[in-house]
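Engineer: What shape does this take:
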Amino acid sequence: MKPINIICTGNLKEKYLKEAASEYQKRLQKHCDLNIFEIKEVGLENESALIINKINQNPKEFVILCDIFGQKLNSEQFSCLLSEKINQNSGITIIIGGSDGVNREVKRRADLLISFSDFTFPHQMFRVILLEQIYRAFKIMKNEKYHK
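Structural biologist: Okay, the predicted model is just below:
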């Protein structure tokens, strides 16, 4: 299985978010090698430097940045994107920036910017949303019932 790496700023503090994230991580075990890397909340520039450093450890992975100005996809399109990029690359890295976002260097390094909504979500809650959508994407890829 190829990895899906999620780089995110901050850690989950609320019990209900930890439980939800844990549940989706458990469900995803049979679909991918999921890794979550938490970056300390130390200000936009320092966080961005830590993200770039982490990305550079796996230079052949396809990098997706979650950004409000990114391309909007529905669940089926996201599933197709993940399937295609997993097959074409050594893995996928998805970045969730902190409350101040990321710098230009991270945006330039990303292969694709995607947006889940015009709404702004707390980055801790968004991690759970992202995990759910990755799980949904795999269910769609396998033509299983969950997404209907």
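
Engineer: For the longest helix seen in the chain, the averaged confidence score.
Structural biologist: Scanning the chain for the helix with the most residues, using DSSP state H, yields helix 123-141. The average of the pLDDT scores along helix 123-141 is 96.

Engineer: Next, the angle from the strand ranked longest in the chain to helix 123-141.
Structural biologist: Of all segments of type strand in the chain, defined using DSSP state E, the longest is strand 62-72. Here the directions of strand 62-72 and helix 123-141 differ by 100 degrees (axes from the mean of the first three to the mean of the last three CA atoms, to 10 degrees).

Engineer: Please enumerate residues in contact with strand 62-72?
Structural biologist: Here strand 62-72 makes contact (CB atoms under 8 Å, 6 or more residues apart in numbering) with 55, 85, 88-89, 91-97, 101-102, 106-107, 109-118, 120, 126, 130. Where C-beta positions appear, they are placed from N, C-alpha and C, glycine not excepted.

Engineer: ok, back up a step: by contact count, what packs against the longest helix of the chain?
Structural biologist: When contacts are defined as 3 or more CB pairs under 8 Å, 6 or more residues apart in numbering; DSSP states H and E, helix 123-141 sits against strand 3-9, helix 15-28, helix 75-88, strand 92-96.

Engineer: and residue 13, how many residues sit next to it?
Structural biologist: In terms of burial, residue 13 registers 8 neighbours under the definition other CB atoms under 10 Å.
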